[in-house]
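# model the structure of this input:
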Amino acid sequence: MNKLQELPLNKIRVLGVFAHIDAGKTTTSEAILYYTGRIHRIGSVDDGNTQLDWMEQERARGITITAAATTCEWQGHHLNLIDTPGHIDFSAEVVRSVRVIDGAVIVLCGVGGVETQTETVWEHTERENLPRILFINKLDRMGADFERVLGEIRQRLTKHAVALQIPVGSEDSFRGVIDLLRQTALLWPQDVNGGNAADPAEAAIPSEYADRTAAARASLLDAICETDETLLAMRLEGHEPGLADYQAALRRAVLNGKLIPVLCGSAKNRMGIQPLLDAVIFYLPAPVDVPPVFGVVPGTEGELSERPSNPESPFCATAFKIVGDPHVGHLTWVRAFSGSLKTSDWVYNPRTRTKDRVDRIYRIHANRRELVNSMRAGDVMALVGIKTAATGDTLCDPAYPVELDPFTFPEPVITVALAPATPDERERLRQVMARLCSEDPTLLAGYDPETQEETLSGMGELHLEIAVDRMRTEFGITATASPPQVAYRETIRARATATGDYRKQSGGHGHFAVVRLRVEPLERGQGVLLDSKASPAEVPENFVRNAQGGIREALAKGILAGYPVTDVRVTILGGRYHEVDSNALDFHIAGSMAVRQALHQARPGLLEPVMHADIGVSETSLGTVMADFTRRRGDIHDLQMHGNKRHILGNVPLSEVRGYVTALRDMTSGRGDFSLEFRTYAIVPDGLAGAVIEERQARGKVSRR
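Next up, the predicted model:
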C-alpha cells in the first residue's frame, strides 16, 4: 500500500459520498479510486468485485450496507473519503458519516432524479451545514434527462443549485460535458473495446450547443456575482472577471452554503469523474475552512470549549464507527478534529470517565489497513486499544477534556425473535448480537423473559435479514428468526392523576410510601419526560429519584399490550413518607403503582410506526398498485414521473407492508420497486388495536383484564 506523505491542512479534504440506492454511488466511488491511483482496475457492482463494497452480503446483493473509508490523492491533495449506503434501512451509516466529514458529494441518477433517500441525505447534510456538490450520474441511460433532474433539484432540494456543466449528447449518444466556466468541451472518445478512454480530450464547444452554453453560462455567472459584490461591480462597469476570480468567488459561496455546484457524467463509463475530483479540490472545504468544533467541558455547568483544526491544539476526535476485525480485534474509527495522537498516547472518554491507551493506529482502505505511527487533525483512521468507546463518543486529551454533542439515531421499528440451533449456543448468540449492536446503533438486542426469546430490532426487514445472515457467515451462528414483528408503542390521549400507596407491616420496620402524580400526553417524538413538583417535606429528593426509577420501569412495559409507553410527561405532585418505615424500594414500588393507575385513566392508545413510501411502477400497473396501497391504509400525497416510471409517494403503516416486496412483484410482473423510510408514530384505530392486544395477550405478553 502506498505511503501517503503528510500535507498541510489546506491540502486535505474530508468528504462523504451519498446517494439513493441504484444511483451509481459505489461505481462513482470506484472510479474516484481508479483515477486517484488507489486501485488499478475498476470493480463492478454487477460482478461483485468492488473495493468499498467488500462484505459478502454487499457483493451478493449489489448494495452498500456499511460505510467504508479510504484515503487517496488527487492533484497534490489528500482525500479522506467515506462511502455510505443508499438503502434507507442503513441510515445509521449516513447519520454518523455526516457528523465527521467537512463536505459531501451527493450522486443522483440521471433517470430517477431526486428520490426518497436523496431528500433524506439532503436533510442530514443541511442540518450539519455541509458544503455540497451534486453529481448527476448515468446520463448514458435510456430516459436520462439532465435538465429535468436539475429542475427537480431546484424544486425539491435547493434553489441555489448552479450547473457548472451541461452534457454533450444524451442517453446512448452521451459523450462528454461542456465546462461553463472554462468555455470548453470535454469529450471522451470510444476505445476499441467499446468503453471509454481514461482521459477526455479538450475541444471547442460544438456549434449546436453554442446558444444553450451561452444561456447556461450567463445564468451561472449571474448566480456567482449575486454572492460577491466586487465581481458584480466589475461586471456592471463593463469589466469581465477572470476564471480565477469566478472560481474563488464560487468557492466562497459553496463554503457559505449560498451555492451548490452541479456536475454530470457516467461513472460506469468513466465520464465526468476527473472534473468531479477537480471540483472537490476547488470548492469543498479543507479542515482549516470549517469552524472549530465546540464541546462541553466535563464537570462544569455547560461551559463550552472550542477545538480548532490545528495539529498543535489539544487532541479531540469523535468515534463514529465500531468494527470487530478478525485479525486485529476491536477497531474504533475516529475523525480527528484537532491536535495530534501517537501510538502509546492516552485518550479520555468523557462519557465513561475512563482513559484508554492507544495500542495501534491504522489508515483504512475498506477492510484493509495500513499501520501508521500517528494521526492529526483532518485524519480519519482506526484505533486499536480503545475498550470503552461507543458510536458518537468523544476521545480527547486527558489534560484538556471536552465532550462533543452525541449522535442521535432513529429508533428501530421492526423486531424478530431469534432461537439458537441448540441450547448450548444461546450465550454465544447473545454475544454475537451484542457485537452487531455495538457496530450498528440502530440494531437493538433484547430478551423476553416470558417467552425466553432473544429479540433483535432494526430499521426494516432487509436490515434484520442482513444482520441474521452476518451471524451465520461471520460468526457461525445459525439462528432461526421469527417473521418480523412491528415495534408498536403505547401512549395516552388525556391527562390523569393517581396515587400509589404502598404500605406493608410484617413486624419490625415496615414499608411505607405514597406517591401522587399526574400524566399528560406529549407531541409525537417527545419520548418520556419526568418532572417533580413535590416539596421535600412531602417526598425528600432522594425518594423522588427512586420513585422516578419505578415510573420508568413501569413505562417500559405498557398496560395495553406490553409495549413501551412514550410521548408522555409524568409529574410527581406530592406524597408522604415515614421517617423510619420508608426506604428507596418502597418509593420505587409506589411510583410504579401510581403511574400504572394513571395510565388506565388517561385514555391509553396503541401507536404504530408509519413509513414514507416511494413506489416506482410502470403506467400500466399504476392503478392496481394505487388501489392496493389505499387498501393497506396508505395515504397518497403525490404522483411523480421519473424517467419512464410513475412514483407513488405517501405514508402507510408498517404493519400493512410487511413482505410488500412479494406483493409488488406480483402486481407489476417484477418491474416495480419501492423504498420505505420511518416517518412517525400514529394512533392505531381502536378496532385494529384490539386485534393486536388480543394477539399479545395470547402470547402471554400482557395479562387479560
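# and the end-to-end length of stretch 123-132?
Distance across stretch 123-132, first residue to last, is 12 Å (C-alpha to C-alpha, to the nearest Å).
# so which bits of it are buried?
His124, Thr125, Leu130, Pro131, Arg132 (16 or more other C-beta atoms under 10 Å). All C-beta atoms are positioned from the backbone trio N, CA, C, and that covers glycine.
# and the residues you listed, which two are furthest apart?
His124 and Pro131 (13.9 Å; C-beta to C-beta).
# for the stretch 301-450 of the chain, give me the ranges with low pLDDT.
366-367, 450 (pLDDT under 70).
# so which residues of it form helices?
426-439 (DSSP state H, counting those that start in this stretch).
# okay, now the domains of the protein?
Residue ranges for the domains of the chain, per automatic domain parsing: 9-171+243-289, 307-396, 414-485, 490-602, 607-693.
# what does stretch 246-254 rub up against?
When contacts are defined by C-beta atoms under 8 Å, 6 or more residues apart in numbering, stretch 246-254 is touched by residues 131-133, 181, 221, 224-225, 227-228, 230-231, 241, 259-261, 282-284.
# taking the residues you listed one by one, which sit in strands?
Arg132, Ile133, Ile260, Pro261 (DSSP state E).
# ok, and the most crowded of these?
Arg132 (27 neighbours; other C-beta atoms under 10 Å).
# ignoring the adjacent residues along the chain, who's closest to that one?
Closest residue in space to Arg132, ignoring its immediate chain neighbours: Ala104 at 4.7 Å, by C-beta to C-beta, 6 or more residues apart in numbering.
# so that neighbour: helix, strand or coil?
strand (DSSP: H, G, I helix; E, B strand; the rest coil).
# any of the contacts of stretch 246-254 buried? List them.
If we count by 16+ other C-beta under 10 Å, the contacts of stretch 246-254 have these buried: 131-133, 181, 221, 224-225, 227-228, 231, 241, 259-261, 282-284.
# on that earlier part again, quick one: which of the ones in strands among the contacts of stretch 246-254 is nearest Ser207?
Ranked by distance to Ser207 (C-beta to C-beta), those are led by Pro261 at 26.3 Å.
# what's the local residue count around Gly650?
Neighbours of Gly650 under the rule other C-beta under 10 Å: 18.
# ignore the last one, Val657
Val657 has 21 nearby residues by other C-beta under 10 Å.
# before we move on, what about Val402?
The local packing of Val402 (other C-beta under 10 Å) involves 25 other residues.
# where does pLDDT dip in the stretch 551-700 of the chain?
Looking at the stretch 551-700 of the chain by pLDDT under 70, you get 643, 700.
# quick one, helices of it?
Under DSSP H, counting those that start in this stretch, the stretch 551-700 of the chain gives helices at 584-601, 622-631, 660-668, 686-698.
# element containing Tyr246?
Taking DSSP states H and E as the criterion, Tyr246 maps to helix 243-255.
# quick one: Thr408 and Arg96 touch, right?
No. Using C-beta atoms under 8 Å, Thr408 is not in contact with Arg96, being 10.3 Å away.
# between these two, tell me which one has more neighbours.
Higher neighbour count among Thr408 and Arg96: Arg96, with 24 against 9, using other C-beta under 10 Å.
# checking my notes, that one in a helix, right?
Yes. Per three-state DSSP, Arg96 lies within a helix segment.
# now do the same contact list for it.
Taking C-beta under 8 Å, 6+ apart as the criterion, Arg96 is in contact with Ala67, Phe320, Lys321, Thr391, Gly392, Phe407, Pro441.
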